[in-house]
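# I'd like to go over a predicted model; first the sequence, then the structure.
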Amino acid sequence: MLFKGARLVDPKNKINKITDIAVKSGKIAKVNEEINTNYVSKVFNLSGKVVVPGIIDPHVHLSSWIGGSEGYKMMGKVGVITAVDFAGPIDDIINTINKEGSGLNIAGLDALRPGINISKENPSSKEIEQFIGSSLDKGAIGIKIMGGHYPLTPEATAKTIKIANKKMAYIAFHVGTTKTGSNLSGFKEAISLLEEHSIHFAHINSYCRGLIKEPLKELKEIFSLIQNRNGIVSESYLSRNNGSSGKCTNEIPEMDITKNCLRMGGYPLTKRGLYQAIIDGFAEVIVSANGENVLLKGIKGAQCWLDAGTDTIISFKVNIPEILFLCAVHKDFNNRFLVDAFCTDGGGIPRNMIVEKGLQLIKLGAITWEDFVIKSSLMPSKMFGWLNKGHLAVGADADITVLDPERNMAVMGINKGKVIMIEGMVIGEKGRILTTERGEKKIKEANVDYEIFNLNDCLLYNSDKNVRINTK
Ligand SMILES: [Zn+2]
């Protein structure tokens, strides 16, 4: 397979020029200004396009619990090649990927949910160890503490981080405990609970919604807490919409985040208040239509929410544009991004906009093409230790996203040399699970394609800041 005439942007290999790229057996075979077309089975003429290492979205949702399997196609459409499901259950991914996977690579984390998959908010060390072990055995690469949605006590949170680090399981944290919340106080508490351990902080942007101080002051504090600290990796997304649960019990929304959003919009913290927020369009209901999820507001949205017995994902326009922008573009004195990567927290939640928003940031002059690749592919590949991804040197995985800068969109997605998307049409089938050695047995049994990698290589456990990229 030969890609001709596109501009290749590959910061790891210091390439930003028009060049030909040859792919053989799923790997990059040659990168050269002029590759001759003899012996080539397929030639793609891509003049005017930009070729980048396949987009890796490090935080999405694809399970029946959050997001939904519609997310595979929704991601494939916009040029994502690899993604990490950030809540699980991993069994859902294994069950749906062969049917709906759209040709993507997926890794997954399992979230701890007191009362659902663990006994309580303060489980014993033994129970936490068992949870981590069984998650890895099921094919997940680690776990997530969902403090904002399913908080643990501060003690249990600290214990969980410590045990996951000891076992070298991937560990992500949506901050908040039974004592704090999904905000600046939760973030400060998280830093104090960490001690010397490593953590992946989910969606930095979401802790700066002005619940404690002015949003920009909140962000400044968070930046100063993560700057020059080893063992912290993070992402942020670029959508104004968040995602939470609309479920109400006894006429009250269950989730604190849902209540906070209602408070921000000036609505009563009740089922009635949420109903009114949906009618007004401040809240939108996520509904599946033609194999994809869409946002509905007004009477239609409210009806869908009530029909589902209020148990739907709700999206509020609560993210502050300045915060989204700064999380995306801000660099430290050494020219390194403070927030490591772009994510979307999307998948089945309709906000898969890494390419759309990323290319807008380039047009605005806020980031360079190299920066875009660093945040959308290279750093995510380092986060998880996927050494053959995030760049396109000879021998690397032929995971490629082709971008059309004129139309601000991805026009082709390629996973290991297989075309999975052309012009927004997803033609990829099945998918591949990226897992650790411990997950191999389960995934093999399920007859799902997989690839094994080693978490020793991930930035979390290999994270002196030198591994980070100086973008100067
Ligand atoms: Zn999420």
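Great, that's in hand.

# Now do the same contact list for residue 355.
55, 78, 79, 376, 401, 403, 408, 409, 410 (C-beta atoms under 8 Å, 6 or more residues apart in numbering). Just so you know, the C-beta spots here come from the backbone N, C-alpha and C atoms, and that holds for glycine as well.

# Can you go through those residues and name the buried ones?
Buried members of those, counted by 16 or more other C-beta atoms under 10 Å: 55, 78, 79, 376, 401, 403, 409, 410.

# Out of the residues you listed, flag the one nearest to residue 162.
residue 376 (31.7 Å; C-beta to C-beta).

# The closest one in helix, strand or coil?
helix (DSSP: H, G, I helix; E, B strand; the rest coil).

# How about the one 4 residues further on?
When states are read from three-state DSSP, the local structure at residue 380 comes out as helix.

# correct me, but it touches residue 341?
Yes - assessed by C-beta atoms under 8 Å, residue 380 is found in contact with residue 341 at 4.8 Å.

# intersection of neighbour lists for those two?
58, 235.

# and the gap between the one residue in the stretch 251-400 of the chain that gets nearest to the ion and residue 244?
Residue nearest to the ion within the stretch 251-400 of the chain: residue 345 (4.2 Å; C-beta to the ion). Applying C-beta to C-beta, to the nearest Å, the value for residue 345 to residue 244 is 11 Å.

# More neighbours: the two, which one.
Taking residue 345 and residue 244 together and counting by other C-beta atoms under 10 Å, residue 345 has the greater number of neighbours (27 against 24).

# Quick check, the more buried one in contact with residue 237.
Yes - in this structure residue 345 lies within contact range of residue 237 using C-beta under 8 Å: 4.9 Å.

# hey, what's in contact with both of those two?
Joint contacts of residue 345 and residue 237 (C-beta under 8 Å, 6+ apart) are 59, 203, 351.

# Which of those sits closest to residue 453?
Of all those, residue 453 sits closest to residue 59, with 17.8 Å by C-beta to C-beta.

# could you list every residue that touches the nearest residue to that closest one once chain neighbours are set aside?
Counting by C-beta to C-beta, 6 or more residues apart in numbering, residue 343 is the residue found nearest to residue 59 once chain neighbours are left out, at 3.8 Å. Neighbouring residues of residue 343 by C-beta under 8 Å, 6+ apart: 57, 58, 59, 60, 203, 235, 236, 237, 354, 380.

# Quick check: which ranges of this structure have low pLDDT?
463-472 (pLDDT under 70).

# got the residues of it near the ion?
Within the chain, the positions adjacent to the ion are 86, 345 by C-beta under 5 Å from the ion.

# What degree of burial does the closest residue to the ion within the stretch 1-150 of the chain show, as a neighbour count?
The stretch 1-150 of the chain approaches the ion most closely through residue 86 (4.7 Å), counting by C-beta to the ion. Neighbours of residue 86 under the rule other C-beta under 10 Å: 30.

# The one 10 residues further on too?
When neighbours are defined as other C-beta under 10 Å, residue 96 has 21 of them.

# That one touches residue 70, doesn't it?
No - counting by C-beta under 8 Å, residue 96 does not reach residue 70; the two are 9.9 Å apart.

# Now for these two: what residues contact both?
In contact with both residue 96 and residue 70: no residue, using C-beta under 8 Å, 6+ apart.

# Who are the contact partners of the most centrally placed residue in the chain?
With distances taken as C-alpha atoms, centre = their mean, residue 59 lies nearest the centre of the chain, 1.5 Å away. By C-beta under 8 Å, 6+ apart, the contact list for residue 59 reads 84, 86, 172, 202, 203, 235, 237, 343, 344, 345.

# Buried among those residues? Need that as a selection in ChimeraX.
To isolate the buried ones among those in ChimeraX, judged by 16+ other C-beta under 10 Å, type:
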select :84,86,172,202,203,235,237,343,344,345
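
# Could you dump the contacts of residue 59 into CSV and include distance to residue 420 and secondary structure?
Output for these, formatted as CSV (distance: C-beta to C-beta, whole Å; DSSP: H, G, I helix; E, B strand; the rest coil):
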residue, distance to residue 420, secondary structure
84, 17, strand
86, 22, strand
172, 26, strand
202, 26, coil
203, 26, coil
235, 23, strand
237, 23, coil
343, 20, coil
344, 18, coil
345, 22, coil
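
# Show me which pair in the contacts of residue 59 is furthest apart.
Of all pairs in these, the most separated under C-beta to C-beta is 172 and 344 at 14.9 Å.

# Now do the same contact list for the spatially closest residue to residue 384 that is not a sequence neighbour.
Leaving aside its chain neighbours, residue 384 sits nearest to residue 458 (5.2 Å; criterion: C-beta to C-beta, 6+ apart). Taking C-beta under 8 Å, 6+ apart, we find residue 458 in contact with 170, 382, 383, 384, 385.

# now with 10 Å?
The contact partners of residue 458, taken as C-beta atoms under 10 Å, 6 or more residues apart in numbering, are 141-142, 168, 170, 198, 200, 233, 381-386.

# swap in residue 329?
By C-beta under 10 Å, 6+ apart, the residues touching residue 329 are 337, 338, 339, 361, 364, 366, 367, 371, 375.

# how much space between whichever residue of the stretch 101-250 of the chain sits closest to the ion and residue 59?
When scored by C-beta to the ion, the stretch 101-250 of the chain has residue 202 as its residue closest to the ion, at 5.9 Å. As for residue 202, its distance to residue 59 is 6 Å (criterion: C-beta to C-beta).

# anything in contact with each of those two?
Joint contacts of residue 202 and residue 59 (C-beta under 10 Å, 6+ apart) are 86, 87, 109, 144, 172, 174, 234, 235, 236, 237, 343, 345.

# nearest to residue 39, of the residues you listed?
Nearest to residue 39 among these, with distances taken as C-beta to C-beta, is residue 343, at 39.7 Å.

# List the contacts of the residue of the stretch 1-150 of the chain closest to the ion.
Contacts of residue 86 by C-beta under 10 Å, 6+ apart are 57-63, 66-67, 107-111, 144, 146, 172, 174, 200, 202-203, 235, 343, 345, 347.

# And for residue 2?
20-24, 29-30, 35-37, 39-46.

# 7 Å - rerun?
With contact set as C-beta atoms under 7 Å, 6 or more residues apart in numbering, residue 2 has these partners: 20, 22, 35, 37, 40, 43.

# Quick one: buried ones out of these?
20, 22, 35.

# JSON lines for those, including distance to residue 417?
Output for the buried ones among the contacts of residue 2, formatted as JSON lines (distance: C-beta to C-beta, whole Å):
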{"residue": "20", "distance to residue 417": "15"}
{"residue": "22", "distance to residue 417": "10"}
{"residue": "35", "distance to residue 417": "15"}
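
# Where do the helices of the stretch 1-150 of the chain begin and end?
70-77, 90-100, 125-137 (DSSP state H, counting those that start in this stretch).

# now, of the ones you listed, which is deepest in the fold?
With neighbours defined as mean count of other C-beta atoms under 10 Å, these peak in mean count at helix 70-77, which reaches a mean of 26.

# tell me which strands and helices that one is in contact with?
Judged by 3 or more C-beta pairs under 7 Å, 6 or more residues apart in numbering; DSSP states H and E, helix 70-77 is in contact with strand 55-61, strand 104-112, strand 292-296, strand 346-347, strand 418-422, strand 425-426.
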